[in-house]
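**Q** Show me how the following folds:
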Amino acid sequence: MSRSTLRILLAASALSASLLTGCSQAPTNEQQAVTVTDAAAGDPRWGKFSAAFLDRYFEHDPYFAVYQGRHDYDGRLPDWSAAGLKAHADFLTETIRQAEAFDARKLSDEQAFERDYLIAVARGRLFWLTDADQPHTNPAYYIGGGLDPNVYVARPYADAATRMKAFIAFAKNVPAAAAQIRANLRMPMPLSFVDFGKAGFAGLAAYYTGDAKAAFASVKDPALQQQFDEAAGAASRAMADLAKWIESGRGTATQDFALGSDRFARMVQATEMVDVPLAELERIGQADLKRNQDAMKAACAQYAPGGGIPACLAKMNARKPSGGVVAAARSQLPGLKAFLIEKDIVSIPGEEEAQVEEAPPYNRQNAAYIDIPGPYEKGLPSVYYIAPPDPAWSKAVQDGYIPGEKNLLFTSVHEVWPGHFLNFLHANRSRRMFGKVFVGYAFAEGWAHYAEEMMWDAGLDSGNLETHIGQLSNALLRNCRFLSAIGLHARGMTQDQSRRMFIEQCYQDEGNARQQAARGTYDPAYLNYTMGKLMIRKLRDDWVRDKGGRAAWKQFHDGFLSYGGPPVPLVRAQMLGGKAQAVF
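**A** Sure thing, here's the model as predicted:
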């Protein structure tokens, strides 16, 4: 998962790259407005409206603004008071009304597209804020939506002293934010939310005074170090108190995590413009699961004849990455990039490279993610993080959690080449500011997951069976996310039934199965990996049909990525004409 996607998801949904010597300058409204070729032919009011939306959105969510590279918002946190949440919802509601009031006949084609994009963004944010009511029900809304200071600690957008001052300002705001969070979250809450909240808040408490403190050890200013210790200490205590409070709810915890079928259907429509009946979505997911299961059976019959799929996967995963997963991932990236260039699959804009590091303790609920600088940053590194196994697990479960070399290969495909990292290289160069700032869940995760299968189809590792099994293992993981999301939130599936499905139908190890079943309770939109992949693959096949088939893949990939990250149905309408709709 892209860390940028996770931030977008958590900040607005519950769950979204030469070193600088000083803070970035705040862009002007003219810089924020979308630059389009036909803007002069459209409504002159639109550019001002879209720029004002970005400014006002950043005011309501300054944390999101900072991660986009708007360092004039450094240190600020969202207002999570009752009044602040209402003001944010009112702003989104009024934005939708005002955007819909623009006469489509007076807008240029680009402006009309951006209007639809803006409305989609606002509707998606509004769903999580009001319909799903995440600020009052889900700790994930806060853990990834404002309390993570990684941008100040690990992103070198300014010298260490400047970033340290920004962290101090941030930390001083954490205790008040913690009070708002405690006032908002309602007990009892689902057990998986208690587990996630305790681990997240406690992890942040340790991070503020641990890794964050160590990151600024080079700043030789005793007064500044004292300010840091005071602010970070208070912030840490506030997070530790939240963790204890969340834990106090364990005795009354419930299993009432489900959105319900109606609200789940509203979720996929409001957040991804997918207006497909749930029964049909379920059928689509089951069909893709069977397709991948059948492919796995065929590959395993040759790779490990007579042993069955579990034995086949055990054989594949037994060959662990040499030197550990972080070192192995670092060694995989140059080869993947070279393959893209050799096969001429997609353009690679710029010279940036992704770094690989171990995930920090507070953010290990997923096996891997990438943190990518926002569009207002210039020349900063992206970091691909890989999580070690939970030390509380048994040795056998920990060993099973560490991926095999070929399994890791497709994680690297997903996160870097040509997945999230390449997606954001294109998005950050889009001529559409909305495409730079708002890269949606199904677009980002759908593209990254689509990239895995596409790379295998393009000949990665020249038909190596072990490589194919690694690709299919990742595909099956996402199939079970798709079906688990629907099952958990619309079909009465329990968390343990979800865990068993990941093991029995998608052949995942026990550690991953536990993580994925728990994640599905507080991240109901994690069906977007497979849902986005299937929409992108269908769009590609339809688009290249009269353009030379596979020979037109690069043209399709470059065109698709040029839009930044809107709902995939909007891209389909742009590339093929007609109305925006989800087609699988």
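**Q** all helices of the stretch 201-350 of the chain, in order?
**A** Taking DSSP state H, counting those that start in this stretch as the criterion, the stretch 201-350 of the chain contains helices spanning 211-215, 222-247, 261-272, 278-303, 308-318, 325-343.
**Q** Return the most buried member of these.
**A** helix 261-272 (a mean of 20; mean count of other CB atoms under 10 Å). To be clear about C-beta, it is placed using only N, CA and C from the backbone, and glycine gets the same treatment.
**Q** what's it in contact with?
**A** 13, 123-124, 126-128, 131-132, 259, 274-278, 281, 440-442, 485-486, 489-491, 524-525, 527-528, 531-532, 567-569, 582 (CB atoms under 8 Å, 6 or more residues apart in numbering).
**Q** Could you pick out the buried ones from those?
**A** The neighbour-count criterion (16 or more other CB atoms under 10 Å) marks 13, 123-124, 126-128, 132, 259, 274, 276, 278, 281, 440-442, 485-486, 489-490, 524-525, 527-528, 531-532, 567-569, 582 among those as buried.
**Q** do you know which of the helices of the stretch 201-350 of the chain lies nearest Asp90?
**A** Proximity to Asp90 (CB to CB) singles out helix 261-272 among the helices of the stretch 201-350 of the chain, at 17.2 Å.
**Q** In CSV, list the C-alpha atoms belonging to that closest one.
**A** The C-alpha trace of helix 261-272 is given here as CSV (Å, rounded to 0.1, in the frame of the first residue of the first chain):
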residue,chain,number,x,y,z
SER,A,261,-25.0,-3.5,3.0
ASP,A,262,-26.7,-0.2,2.2
ARG,A,263,-23.9,1.9,3.5
PHE,A,264,-21.3,-0.3,2.0
ALA,A,265,-22.9,0.2,-1.4
ARG,A,266,-23.0,4.0,-0.8
MET,A,267,-19.3,3.8,0.1
VAL,A,268,-18.2,2.4,-3.3
GLN,A,269,-20.5,4.8,-5.1
ALA,A,270,-19.5,7.9,-3.2
THR,A,271,-15.8,7.2,-3.0
GLU,A,272,-15.1,5.5,-6.4
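**Q** quick one, it and helix 278-303 angle?
**A** Relative orientation of helix 261-272 versus helix 278-303 (axes from the mean of the first three to the mean of the last three CA atoms, to 10 degrees): 80 degrees.
**Q** chain center to helix 261-272, what's the gap?
**A** Relative to its chain's centre, helix 261-272 lies at 18 Å (CA atoms, centre = their mean, to the nearest Å).
**Q** do the same with stretch 249-263
**A** In terms of CA atoms, centre = their mean, the centre of stretch 249-263 is set 23 Å apart from its chain centre.
**Q** before we move on, back to that, among the buried ones among the contacts of helix 261-272, which lie within helices?
**A** Counting by DSSP state H, these place 13, 123-124, 126, 278, 281, 441-442, 485-486, 489-490, 528, 531-532, 568-569 in helices.
**Q** Just give me the neighbour total for the nearest residue in space to Asp221 that is not next to it in sequence.
**A** Spatial nearest neighbour of Asp221, excluding adjacent residues (CB to CB, 6 or more residues apart in numbering): Ala161 at 6.6 Å. The local packing of Ala161 (other CB atoms under 10 Å) involves 14 other residues.
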